[in-house]
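[1] Compute the structure for the input listed below.
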Amino acid sequence: MQHELQGIQAFVKIAEIGCFTRASQFLHISQPALTRRIKKLEESLGTTLFERSTRRVKLTAVGRDFLPKAKNLIDFYESSILSIKEMATHQSGVITLSCLPTAAFYFLPSVIRDYNEHYPNIRIRILEHSASDCLEAVLNGDADFGINMINITHPNIEFTPLVNEPFVLACKRDHELAKKSLVMWEDLAGLRLIGVRKSSGNRLLIDQALEGFDWQPNWFYEVRHLSTSLGMVEAGLGVAVVPSLAMPTDEHHVLVSRPLIEPVIRRTLGLVLRRGDSLSPAAEKFREMLMKLWSQDKTSPWIGKFSH
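    Residues are numbered from 1 along each chain as shown. A predicted model of the protein is given here:
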């Protein structure tokens with residue numbers, strides 16, 4: 001039964017992703033092991049589920065018919081196991097997640113809403129941390145897992161990249177640079193820039209990328225939070241450099257953003273987990289929902305906006 005379930009899970013993941021290699025990475029098994037699982041499942045069912053070629057993986061007619069049934073089987077199994085474990089421990093359970101504030105604001109609400117519909121008695125604690133504090137929370141076991149930047153790392157941390165986003169210029173609509181479709185970093189010379197403190201992960205990324213340039217930004221104001229820098233821009237105190245996610249999702253009456261080029265500086269966000277740790281069933285299900293939103297849900301607005 002366990003081997004058949006593993007085969008069904010592998011089948012669903014390959015069907016969703018469309019690639020054996022990426023599916024094996026997601027499931028944390030080797031590609032040959034994944035292939036063996038599919039072969040055993042196909043032998044058990046007595047039919048072929050995938051049409052394979054060197055360029056693509058495509059479901060057969062039987063595979064397309066089996067996919068929704070397979071998803072229902074997995075959902076039923078996971079829900080049943082989770083409910084049994086909750087009853088066995090006589091508690092509803094708590095998930096603790098350490099997260100960068102920008103990611104928490106833009107990505108977590110929809111996942112939490114969906115998760116609560118399935119598991120209404122499991123509480124979720126969100127620790128809004130800086131990149132370094134997020135890493136420490138996961139390392140120390142204060143958080144089940146985290147959402148962090150790739151450049152803040154540790155040998156005992158596993159990082160799964162999800163979103164790659166650019167830094168942009170934030171300015172007022174009536175600012176001279178707002179007239180440009182693209183803004184070069186050198187265009188910021190002589191301007192009062194609002195930036196986060198030197199110890200932050202975002203600032204480290206920017207400083208490293210501009211290290212070899214003759215011209216350096218004039219960080220006239222330094223703040224702790226990106227939201228503070230945007231408030232100062234709105235007040236007319238200067239312009240700011242922020243990750244694209246930090247900008248308001250809807251059109252703002254005062255603020256606009258412009259792409260920064262030469263160089264284009266990007267940050268990679270992803271899930272961080274202590275190496276060798278296994279998550280509780282409740283936390284693992286939450287992690288899966290996050291990954292589906294970020295890396296597999298083709299209807300997600302972030303896919304087109306921040307492609308890898």
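[2] drop to CA atoms for contacts and neighbour counts, all remaining ones
    OK.
[3] hmm, who's touching stretch 191-210?
    130-132, 149, 151-152, 216-226, 229, 232-233, 237-242, 263, 265, 267 (Cα atoms under 8 Å, 6 or more residues apart in numbering).
[4] In strands, which of those fall?
    Of these, the ones assigned to strands by DSSP state E are 149, 219-223, 239-242, 267.
[5] Determine which two of the residues you listed are furthest apart.
    Within the ones in strands among the contacts of stretch 191-210, M149 and F220 form the most distant pair, 25.0 Å apart (Cα to Cα).
[6] Which one's more surrounded, those two?
    Shown here are M149 and F220; by other Cα atoms under 10 Å, M149 has more neighbours (27 against 12).
[7] who touches the closest residue to the more buried one other than its chain neighbours in this structure?
    With Cα to Cα, 6 or more residues apart in numbering as the criterion, M149 has its nearest non-adjacent residue at 4.6 Å, and that residue is L269. L269 sits next to 147-150, 161-164 when contact means Cα under 8 Å, 6+ apart.
[8] picking up where we left off before, could you identify the buried members of the contacts of stretch 191-210?
    By neighbour count, with 16 or more other Cα atoms under 10 Å, these hold 130-132, 149, 152, 217, 219, 221, 226, 229, 232-233, 237-242, 265, 267 as buried.
[9] wait, what's in contact with Q216?
    Listed by Cα under 8 Å, 6+ apart, the contact partners of Q216 are 189, 210.
[10] ok now the lengthiest helix in the chain, how far from the chain's centre?
    Secondary structure assigned by DSSP state H gives helix 61-89 as the longest helix of the chain. Distance of helix 61-89 from the chain centroid (Cα atoms, centre = their mean, to the nearest Å) equals 24 Å.
[11] Report the mean per-residue pLDDT for stretch 287-301.
    Throughout stretch 287-301, pLDDT has a mean value of 66.
[12] Could you do stretch 272-282 as well?
    The average pLDDT within stretch 272-282 is 89.
[13] about what we covered before: make TSV from the contacts of L269 and add pLDDT and distance to G141 to it.
    TSV is the format used below for the contacts of L269 (pLDDT from 0 to 100; distance: Cα to Cα, whole Å):
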residue	pLDDT	distance to G141
I147	93	14
N148	93	15
M149	91	18
I150	88	19
P161	88	21
L162	83	22
V163	85	24
N164	89	27
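[14] now these in CSV, with distance to G63?
    As requested, the contacts of L269 are exported to CSV (distance: Cα to Cα, whole Å):
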residue, distance to G63
I147, 34
N148, 37
M149, 38
I150, 37
P161, 29
L162, 28
V163, 30
N164, 33
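[15] Now the nearest residue in space to V163 that is not next to it in sequence: which helix or strand?
    The spatially closest residue to V163, leaving aside those adjacent along the chain, is L269, at 5.2 Å (Cα to Cα, 6+ apart). Using DSSP states H and E, L269 sits within strand 266-274.
[16] Can you name the element that comes right after that strand?
    Sequence-wise, the next helix or strand downstream of strand 266-274 (DSSP H and E) is helix 281-291.
[17] quick one: E262 and A209, what's the gap?
    To A209, E262 is 10 Å away according to Cα to Cα, to the nearest Å.
[18] neighbour count winner among those two?
    Set side by side, E262 and A209 show more neighbours around A209, with 14 against 11, by other Cα under 10 Å.
[19] Local confidence estimate at the more buried one?
    We have a pLDDT of 93 for A209.
[20] got the phi/psi numbers for it?
    Dihedral pair for A209: phi -70, psi -30, per degrees, to the nearest 10.
[21] Distance of it relative to W185?
    Remark: distance between A209 and W185 (Cα to Cα) = 11 Å.
[22] now do D133
    In this view, D133 and W185 are 29 Å apart by Cα to Cα.
[23] again with I74
    From I74 to W185 the distance is 50 Å (Cα to Cα).
[24] Which of those two has more residues huddled nearby?
    Legend: neighbour count by other Cα under 10 Å for I74 and W185, higher for W185 (19 against 16).
[25] from memory that one sits against I265, does it?
    No - between W185 and I265 there is no contact under Cα atoms under 8 Å: 10.2 Å.
[26] Using the record's assignment, carve the chain into domains.
    Domain segmentation of the chain under automatic domain parsing yields 2-88, 91-162+268-305, 164-267.
[27] show me the contacts for G7.
    Residues near G7 by Cα under 8 Å, 6+ apart: 37-38, 40-41.
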